[in-house]
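Prediction below, plus the sequence it came from.
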Amino acid sequence: MFVATLIASDRLEAGDLSSARDKLNDAGCAPASVTVLEEGVAADLMFDAAPDAARGALEDAFAGVDVIVQPVAEREKRLLVADMDSTMITVECIDELADYAGIKGRIAEVTEAAMRGELDFAEALDARVALLKGLGADAIDRCLAERVQLMPGARTLVQTMKARGAKTILVSGGFTRFAEPVGEQIGFDRVIANELLIEADALTGAVAKPIVDSGTKETTLLNAMAEHGLAASATMAVGDGANDLAMIRQAGLGVAYHAKPIVAAAAGARIDHGDLSALLYAQGIARTAWIVS
């Protein structure tokens, strides 16, 4: 059996569910039961064939509604590996840090190109960090306090999954000085990120090697699967940029979250409208079971 989960950013109407059943039937998916996860917000439609056809029929069919299609088996995940910038937090830390050096526009342009997959990630990171040479290290703490905000639903997602026995890892191409406090605030079990090198209370313009990149993210997922004896089907990876693609492709549920087009096109699931709590509905976890703090 398969399940299509419809998650509305505004309102999910009864007519939407009826229309979704018709679309599944027309696509040869033999729709069965409907389960409401939260009235007016999220619902599951079970069906027994042609998941690719189901996804094609339902994605983008309803305004403001995200659709996730997956097998019912091992739907609730035991491992979450997540990106940080523009995924678990609302900003790209290097862009915001660059603003304190007066060069945000210059760096943000490179960040955007790297996230679209147009530049080598490691080379682009080295080039951007080099431009920050001489910036006072106190700017990091100011940026963290003034600019970094958790993505809506981030803490609820991680805390709920952990309460149900899942392992959670934050793996970022950003920097430990941001990722470690963010990871602690959200509640991740483990945090992996790049280290900005600092001397005499100023950035040296370099990052410790090896750089945490796409390969690191993929390896982190695979190693955690082996460590905990998990099949790929029991894992979820979520991110927004090209350097998240490798881990997204390896995971049982690979999620493109408000993502760049290259990621949205390749991922098995997309969240374009809702916040990160949508990934709890995707696991069949009703709102009444969430850990909200």
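Perfect, thanks for sending it. Quantities reported herein were computed from a predicted structural model and do not represent experimental measurements.

Closest to the centroid, which residue in this structure?
By Cα atoms, centre = their mean, the mean C-alpha position of the chain lies nearest to V238, the distance being 2.8 Å.

so what's it up against?
80-83, 87, 244, 248, 254-255, 257, 276, 279 (Cβ atoms under 8 Å, 6 or more residues apart in numbering). Glycine gets a C-beta too; all of them are placed from N, C-alpha and C.

could you redo the last one with a cut-off of 10 Å?
By Cβ atoms under 10 Å, 6 or more residues apart in numbering, V238 lies in contact with 80-83, 87-88, 157, 244, 247-248, 251, 253-257, 259, 267, 269, 271, 276, 279.

what do you get for T35?
Each residue near T35 by Cβ under 10 Å, 6+ apart is listed here: 3, 5, 42-46, 284, 286.

Distance check, the closest residue to R190 other than its chain neighbours against A124.
Leaving aside its sequence neighbours, R190 sits nearest to I169 (Cβ to Cβ, 6 or more residues apart in numbering; 4.7 Å). Per Cβ to Cβ, to the nearest Å, I169 is found 23 Å from A124.

Pretty sure G173 sits against I94.
Yes: using Cβ atoms under 10 Å, G173 makes contact with I94 at a distance of 9.1 Å.

neighbour count winner among the two?
In this view G173 and I94 are compared by other Cβ atoms under 10 Å, and G173 has more residues nearby, 30 against 27.

mean confidence for the helix or strand the more buried one falls within?
Assigned by DSSP states H and E, G173 belongs to strand 167-175. Per-region confidence: strand 167-175 scores 97 on mean pLDDT.

for stretch 220-236, same thing?
On average, stretch 220-236 scores 98.

Figure out how far that stretch is from the centre of its chain.
Averaging C-alpha positions (Cα atoms, centre = their mean, to the nearest Å) puts stretch 220-236 17 Å from its chain's average.

how about that stretch: buried residues?
Within stretch 220-236, the residues scored as buried using 16 or more other Cβ atoms under 10 Å are 220-222, 224-225, 230, 232, 234-236.
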